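1. model this:
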Amino acid sequence: MRRYGIRRRCNFIHKLRSLWLLLPLLVALRTEVVRAQANAQGSVAQQFQQLNDAMANAQAQIEESQRQLREVRRRLAALQAQMEGSQSNTPTLPADSQNAVSPPSSNNTTATYAAEIQDIRERQSIQESQIATQEQTKVESESKYPVKITGLLLFNGFVNTNAVDIPATPTVAIPGSGSTGATVRQTVLGFDAHGPHLFGAHSYANLRVDFDGSPQSVAPVGIYNGYYNNGTLLRLRTAHAGLQWDHTEAYFSFDRPILSPDSPTSLTAVAVPALAWSGNLWAWNPQLGVNHDLAFFGSHDLRLQAALIDVGDPPLSPVLPSTTTPAVMPPSTAEQSRRPGVETRIAMLGSNTHEDGNHLGIGGYFAPHLTPFGKRFDSWAGTMDARLVLPAHLELSGSAYRGLGLGGLGAGGYKDYVSRMDPDTNGYYIRPLDDIGGWAQLKEKLSERLELNAAFGIDNVFAGELRRYAIPGGTIYQNLARNRTYTGNVIYSPTAYLLFSLEYRHLDSSPVLGSSVGANVIGLAAGYKF
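-> Just a heads-up that it's a prediction; the model follows:
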């Protein structure tokens, strides 16, 4: 019994000792908790302090580099003066004596000085380069936010075996002889800017212009200028501005419709994108929209897009006969309806690299119109687009559509509708044109410097609807029912800033009256990116 009591006492003492040993650990844990809370409270202040320290360190490094440069220059001047002094104090010996006796110490000293001077010059060159990088001139904007100038200086040569609508940027073949020439008007100039943060989002803006504009009064009907051409060479291409959060973006833009996010690759078709009017819905229009990405599964996202669009009139738009020139630019048929167009798109993104990864999307478009003849119609479209990254460095992309009155989006045979006057009543009949088309491209990236592209596109207006309104002897645009383009090119980029391309294109244009017309186009492009 006594032993049992002693044993219980020993067990109690042993447990007490264990608790005593755990006491420092509990105190340490409590200290860490308090420290973590203090760190959390001071994290914002520390971030500001770290930012200030980083700026101070950068300024100190610049000042230290300048000080070292001054010291290097001083040492270089001193060494040069010392060498000149040693050379002047050295007695001149006869030629025989110099050949007979060679002072090794003098030669070693001269060699040492030369090596030191060479080393100093190398360090001076490196430090001057570093200082020039720190002090290089930046583009300054009124808002003081950074602005970057980008662009593509592009030379294009072309050979057209038969007549086309626009020799440098052909989209339609017409009867007649061919042409050969060159142009630099497809050169593109861009401005990119980043602005302040607002509502937790960063703001941005960018602008692209080229030199392919023409005066509206003399421009060929194939040039899609809309109302944004200023009558000179300079032409507005695209513009964007918006607020971007982690998964949401609100913006306004002047660009291709959201229904058609991709475009075939070409360096000879830049002013008018490749396969334009042959299945590529490319026409630039003002838009106000929002994008939102939802996590779908794994690395996939679901992108929801919606936008209001002010769709312009196509190049061939019938107008009422008038003997006087209007004093102001008339509104488009969509603007006369006084209601904006609407477009939506839902896409599944195949990876986190949304710009280069897989995607599959479907879209819809609707826009009311009021013609100058007092007739109303609604244009609409259903679309599907896809990009698939395949094995062996292959990539397949394309888009398809079916709709009504799609001239303002870059389809419909250059027209939304056709019209005809009743000779008995002098009234006008109009017919919005049903349309179907699309394009596909296969890309092969042989390396980072070399790629091959092959594409086909078609835009097909329903001939049965157009035939009743066809004009005998009319232009190719008035009677155009189907336009097809086959193209293939090779693009070589020896550096990140130089581009060269050779492209072949075949145009096949079919009017509703008469036979089809074809033309072969051979294009050469050389560009410098900056």
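2. Could you report the neighbour count for residue 187?
-> 20 (other Cβ atoms under 10 Å). Placement of C-beta: from N, CA and C, glycine included.
3. isn't it right next to residue 153, touching?
-> Yes: contact status for residue 187 versus residue 153: in contact at 5.3 Å, counting by Cβ atoms under 8 Å.
4. Where is the longest strand in this structure?
-> For the chain, the strand with the greatest residue count under DSSP state E is strand 147-164.
5. Is residue 73 in a helix, a strand, or coil?
-> Secondary structure, DSSP: H, G, I helix; E, B strand; the rest coil: residue 73 is helix.
6. do the same with the one 4 residues further on
-> At residue 77, secondary structure determined by three-state DSSP is helix.
7. what's the answer for residue 528, then?
-> strand.
8. And for residue 477?
-> Residue 477 ends up helix, using three-state DSSP.
9. And for it, the neighbour number?
-> Neighbour count of residue 477, defined by other Cβ under 10 Å: 21.
10. my guess is it contacts residue 315, does it?
-> Yes: using Cβ under 8 Å, residue 477 is in contact with residue 315, at 7.1 Å.
11. Okay, and the beta partners of residue 454?
-> Residues in a beta bridge with residue 454, per DSSP bridges, are residue 442, residue 488.
12. Verify the stated contact: it with residue 488.
-> Yes: contact criterion Cβ under 8 Å: residue 454 and residue 488 qualify, at 4.5 Å.
13. helices and strands of this structure: which one has the lowest mean pLDDT?
-> Scoring the helices and strands of the chain by mean pLDDT, DSSP states H and E places helix 95-100 at the bottom, with a mean of 42.
14. Find the nearest non-adjacent residue to residue 438, please.
-> In this structure, residue 438 finds its nearest non-sequential neighbour in residue 400, 3.3 Å apart by Cβ to Cβ, 6 or more residues apart in numbering.
15. wait, is residue 426 part of a helix?
-> No: assignment of residue 426 by three-state DSSP gives coil, placing it outside any helix.
16. how many neighbours does residue 160 have?
-> Neighbours of residue 160 (other Cβ under 10 Å): 24.
17. need the contact list for it.
-> 167, 170, 178-180, 519-521 (Cβ atoms under 8 Å, 6 or more residues apart in numbering).
18. how about a cut-off of 10 Å?
-> The contact partners of residue 160, taken as Cβ atoms under 10 Å, 6 or more residues apart in numbering, are 166-168, 170, 173, 176-181, 505, 507, 519-523.
19. mind checking how far it is from residue 56?
-> 63 Å (Cβ to Cβ, to the nearest Å).
20. Surely residue 409 and residue 312 touch.
-> Yes: contact status for residue 409 versus residue 312: in contact at 9.4 Å, counting by Cβ atoms under 10 Å.
21. thinking again about what came up before, overlap in contacts of residue 454 and residue 488?
-> 441-442, 504.
22. which among those gets closest to residue 473?
-> Closest approach to residue 473 among the shared contacts of residue 454 and residue 488 (Cβ to Cβ): residue 504, at 32.4 Å.
23. Surely that closest one forms part of a strand?
-> Yes: under three-state DSSP, residue 504 sits within a strand.
24. neighbours around the closest residue to it other than its chain neighbours, how many?
-> Closest residue in space to residue 504, ignoring its immediate chain neighbours: residue 488 at 5.5 Å, by Cβ to Cβ, 6+ apart. A count of nearby residues for residue 488, using other Cβ under 10 Å, gives 16.
25. Now do the one helix or strand the residue nearest to residue 438 maps to, average pLDDT.
-> Residue 400 belongs to strand 394-404 when assigned by DSSP states H and E. Strand 394-404 comes out with an average pLDDT of 97.
26. Then stretch 292-308?
-> 89.
27. Do me a favour and get the end-to-end distance for that stretch?
-> Criterion Cα to Cα, to the nearest Å; first-to-last residue distance in stretch 292-308 is 16 Å.
28. what's the answer for stretch 487-501, then?
-> Span of stretch 487-501 from end to end, Cα to Cα: 13 Å.
29. Same question for stretch 387-398.
-> 7 Å.
30. Also stretch 234-250?
-> 28 Å.
31. For it, buried residues please.
-> Neighbour-count burial for stretch 234-250, counted by 16 or more other Cβ atoms under 10 Å, picks out 235-240, 242-243, 249.
32. Just name the closest of those to residue 288, please.
-> Closest to residue 288, out of all of the buried residues of stretch 234-250 and judged by Cβ to Cβ, is residue 242, at 9.8 Å.
33. Pull the distance from the helix or strand that closest one falls within to the chain's centre.
-> Assessed by DSSP H and E, residue 242 sits inside strand 235-244. Between the centre of strand 235-244 and the centre of its chain there are 11 Å (Cα atoms, centre = their mean, to the nearest Å).
34. is it true that residue 163 touches residue 520?
-> No: assessed by Cβ under 10 Å, residue 163 is found out of contact with residue 520, at 11.7 Å.
35. And residue 61, how far from residue 67?
-> Residue 61 sits at a distance of 11 Å from residue 67 (criterion: Cβ to Cβ).
36. typed the wrong thing, it's residue 299
-> Distance, residue 299 to residue 67, using Cβ to Cβ: 50 Å.
37. now swap in residue 407 and tell me
-> Taking Cβ to Cβ, one finds residue 407 at 68 Å from residue 67.
38. Please apply the same query to residue 73.
-> 11 Å.
39. what are the ranges of the helices in this structure?
-> Per DSSP state H, the chain carries helices over the ranges 2-41, 43-89, 95-100, 104-134, 333-336, 463-467, 476-479.
40. Around residue 199, count how many other residues there are.
-> Neighbours around residue 199, by other Cβ under 10 Å: 8.
41. hang on, the earlier thing: pick out whichever of residue 409 and residue 312 has more residues nearby.
-> residue 409 (31 against 23).
42. Skipping adjacent residues, who's closest to that one in space?
-> residue 281 (4.6 Å).
43. Correct me if wrong: the one you found contacts residue 439.
-> Yes: the criterion here is Cβ under 10 Å, and residue 281 meets it with residue 439 at 9.3 Å.
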